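Participant: model this:
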Amino acid sequence: MTSFPAPIVAWSHPDDPARPLVVLLHGRGADETSILRLADQLPAGPSYAAVRGPIAAGGGYAWFANRGIGRPVAESLAKTMAWFRGWLDDVAPQGRPVVLVGFSGGAAFAGGLVLSDAQRFAGAAILYGTLPFEAGVPVSPSRLAGVPVFVAQGETDTVIPRELLERTWSYLVRDSGAPTYARRDPGGHTITAETTAQLGGWIAERL
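Facilitator: Got it, this is the predicted structure:
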């Protein structure tokens, strides 16, 4: 149990429980409306839901308390993941495929969820962010064996510490066991049109 209120969720269209679910997770200081626009550029077929982080931060919302950029507080991350799973289990009982798509802080949250319960998800996209290292979730070798992962980074990203980007890339591509699609863009901390197009194709293959 947590003290967080019920999640605020925006849907691109009314949910159809018979369809796979793609959950969009915004960055720190943003909200669900900002990332929901991404759904317009992704393939038709799944239901798309954007969830608002439960912690007020920077004029918007966040998924966890930080001990530095890209470094979640373990206790905070555990509480928000439990809160999120309570919502997810209601809208997507076991058997309904779920793909997580997280940007920046939302990428760390998506990473925490899939690392904590890898078989729960049909895939996860880690966009311009880091996995939550040293935050109470396992990052052992082959932890994500068989779980498709899409990772995109900006070569000139100055928001997420470079060593965390490199560590995330190395773990996902070499150590995680996940079948990983990995791309680096020549830009910074923003989702490019090229990444969006590749992400759309990746989602279509998953679902």
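Participant: quick check: residue 25 vs residue 108, distance?
Facilitator: Distance of residue 25 to residue 108, computed by CB to CB, to the nearest Å: 9 Å. Heads up, the C-betas are built off the backbone N, CA and C, glycines and all.
Participant: how far does stretch 60-67 stretch from start to finish?
Facilitator: Here the two ends of stretch 60-67 are set 18 Å apart, with distance taken as CA to CA, to the nearest Å.
Participant: contact partners of that stretch?
Facilitator: Outside stretch 60-67, the residues that touch it by CB atoms under 8 Å, 6 or more residues apart in numbering are 25-26, 28-31, 34, 52-56, 72-73, 76-77, 80, 105-106, 108-109, 132, 135.
Participant: neighbours of residue 170, just the number please.
Facilitator: Taking other CB atoms under 10 Å as the neighbour definition, residue 170 ends up with a count of 11.
Participant: picking up where we left off before, mind checking which of the contacts of stretch 60-67 land in strands?
Facilitator: When DSSP state E defines the strands, the subset of the contacts of stretch 60-67 inside them is 25, 55-56.
Participant: ok, and the most crowded of those residues?
Facilitator: Within the ones in strands among the contacts of stretch 60-67, neighbour counts (other CB under 10 Å) peak at residue 25, which reaches 30 neighbours.
Participant: from residue 126, how far off is that one?
Facilitator: As for residue 25, its distance to residue 126 is 10 Å (criterion: CB to CB).
Participant: now do the contacts for the spatially closest residue to residue 189 that is not a sequence neighbour.
Facilitator: Closest residue in space to residue 189, ignoring its immediate chain neighbours: residue 159 at 4.1 Å, by CB to CB, 6 or more residues apart in numbering. Shown in contact with residue 159 (CB under 8 Å, 6+ apart): 69, 104, 128, 188-189.
Participant: overlap in contacts of residue 25 and residue 108?
Facilitator: What both residue 25 and residue 108 touch, as defined by CB under 8 Å, 6+ apart, is the set 63, 102.
Participant: shared neighbours, residue 25 and residue 126?
Facilitator: When contacts are counted by CB under 8 Å, 6+ apart, residue 25 and residue 126 have 102, 107, 110 as shared neighbours.
Participant: of the ones in strands among the contacts of stretch 60-67, closest to residue 149?
Facilitator: Lowest distance from residue 149 to those (CB to CB) belongs to residue 25, with 14.5 Å.
Participant: from what I can see the closest one touches residue 107, true?
Facilitator: Yes - the pair residue 25 and residue 107 passes the contact test of CB atoms under 8 Å, sitting 7.5 Å apart.
Participant: could you look up the SS state of the residue nearest to residue 189?
Facilitator: With DSSP: H, G, I helix; E, B strand; the rest coil as the basis, residue 159 sits in coil.
Participant: for it, give its distance to residue 165.
Facilitator: In this structure, residue 159 and residue 165 are 10 Å apart, going by CB to CB.
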